[in-house]
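J.: After the sequence you'll find the predicted model.
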Amino acid sequence: MWALLTLYQLLRRTMVQAAESQPGTDPDRCGFTIALQTARDLLVGADGIFEQGIGEIGRRLLSALSPARRARVSTRTVKSPISRYAERKLDGRPDASKAVTSTTITLLPPPVPEPALPTTTVPQYVGPGQTSTRMTRVLAILQEEPERLWRSREIAELLGDVTLVATYRQLARWTEKGMIKRVRTGRYAAITQETAPLRDLRKR
């Protein structure tokens, strides 16, 4: 393992030195595969190993430079062929490749600091057959605005006596019991009670 890491660092250093021999050349344009194959050929032939300057590896790298990288349009994202979320956020990014002719930088003010949550959770003792006071409070909060998608941090701030990690665990436990529903990751809502239609008693 250490031998592989040493070889990797030596090849990367050679690539940087080769790029620096031509001012204005980005080291990203040097191909690692070319450097690796050239080093392997020199090792097998035992030729030009102690050559001064950029050497044979550097000459091959400069003779087969990759084109300059284009400016990035979108941020790096993990592309998944199957996504559970079909909706795409309207964040202003283009759907296809687009030539970048200018760049605008907007300085935004810093966000308002969020209130600090407690460092420890206040223990809550629930006797047999009793309902958790914290759970009752959360259900009341969600029922007040049934259409709202609540974040875990918002619920923790309203409770005031529980940490964010403990809130995650309790919300997950209550979701498994069917008391609340998780719409998507980190968003919870109240379970609306749907009234079943009355049956036609005349058919009996």
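T.: On my side now, so go ahead. Numbers count the residues shown, from 1 in each chain.
J.: Can you verify my assumption that Pro115 contacts Glu157?
T.: Yes. If you go by CB atoms under 8 Å, Pro115 and Glu157 touch, sitting 6.0 Å apart. (Glycine included, C-beta is placed from N, CA and C.)
J.: Tell me which of the two has more neighbours.
T.: Glu157 (16 against 9; other CB atoms under 10 Å).
J.: residue ranges for the helices of this protein, please.
T.: Applying DSSP state H to the chain gives helices spanning 2-20, 32-45, 55-63, 133-144, 152-159, 164-176.
J.: Check what pLDDT Pro23 gets.
T.: In this prediction, Pro23 carries a pLDDT score of 88.
J.: burial measure for it, as a count.
T.: Applying other CB under 10 Å, we find 6 other residues in the vicinity of Pro23.
J.: where are the low-confidence patches of this protein?
T.: Low-confidence segments of the chain (pLDDT under 70): 45-52, 72-95, 126-131, 193-204.
J.: Mind doing that once more with 50?
T.: 195-198, 200-204 (pLDDT under 50).
J.: circling back: just send the helices of the chain back as CSV, with distance to Pro109 too.
T.: Shown next, in CSV, are those (distance: least, CB to CB, whole Å):
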stretch, distance to Pro109
helix 2-20, 39
helix 32-45, 42
helix 55-63, 46
helix 133-144, 30
helix 152-159, 21
helix 164-176, 25
